[in-house]
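Visitor: Pasting the sequence and the predicted model now:
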Amino acid sequence: MHRLLLLSAGLLLTGCATLSKDECLQADWQTLGYADGVQGRSPARIDTYRQDCAKHQVVPDLALYQRGHRQGLQLFCRTSNGFEYGRSGQNYQGVCQGEAEADFLLGFDAGRRIFLLRQQAQQSERQLTQLDNDYQQLAEQIRDKEALMFGDAQTPEGRQQLYREISEHRQQQAALVRQRTQLELQLEGLQHQIIELEQAFSFY
């Protein structure tokens, strides 16, 4: 339920980075404050609005903005939202206070851990892909050199050199297989940690 409320607020009240003349003249400062609060933006954002609207001789209503911002923070500063916020890799601007901040950070820290674990997992997956490519390249080199080694025009010395090179390639392949096994275990561990955290915070 909390996540649905936050999603709805985020879709309906996106807030603007800058305000045009019409927006300054027609602004509902409480709603704008709410939009910024529910998205975890700093209340100091009104300074930007003040600068925008000064060009059009409009002064934002600070009291209304702050009231709306406090109302928005009541939705933002929750454990479930902190979890989603951290998991998506967003940066917390320290807008929550007291117990509300403790609740938010409980989720945020766990979500942030998932975000970082996913980055590590993606890096491991890229490394696995690279290892597979390297293994395949070595396999192709082995096939090419085997064809040369058994060719009618090859000299005994050439065959010996190719044999040594093929043996070295096979050792390199074996090393890649060992690296791949270690990476697979590492990736499995990362995925297990992600699942555990997801399950631990699924009830918020």
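Guide: Cool, the structure landed. Residues are numbered from 1 along each chain as shown.

Visitor: going forward, measure contacts and count neighbours with C-alpha atoms only.
Guide: Fine.

Visitor: Let's check: the centremost residue of this structure is which one?
Guide: When Cα atoms, centre = their mean is applied to the chain, the residue found nearest the centroid is residue 89 (4.4 Å).

Visitor: can you tell me which residues contact that one?
Guide: Contact analysis of residue 89 by Cα atoms under 8 Å, 6 or more residues apart in numbering lists 112, 115.

Visitor: That one is in what secondary structure piece?
Guide: Assigned by DSSP states H and E, residue 89 belongs to no helix or strand.

Visitor: ditto for residue 47
Guide: Residue 47 is part of helix 46-54 when elements are defined by DSSP H and E.

Visitor: so for that helix, what's the average pLDDT?
Guide: Mean pLDDT, helix 46-54: 93.

Visitor: From the chain's centroid, how far away is whichever helix or strand comes after that helix?
Guide: Next in sequence after helix 46-54, counting helices and strands by DSSP H and E, comes helix 62-76. From the chain centre to the centre of helix 62-76 is a distance of 28 Å (Cα atoms, centre = their mean, to the nearest Å).

Visitor: next structured bit after helix 62-76?
Guide: Per DSSP H and E, helix 62-76 leads on to helix 79-87 as the next helix or strand towards the C-terminus.

Visitor: which strands and helices sit next to the next helix or strand after that next one?
Guide: Next in sequence after helix 79-87, counting helices and strands by DSSP H and E, comes helix 98-149. Other helices and strands packing on helix 98-149, by 3 or more Cα pairs under 8 Å, 6 or more residues apart in numbering; DSSP states H and E, are helix 79-87, helix 156-200.
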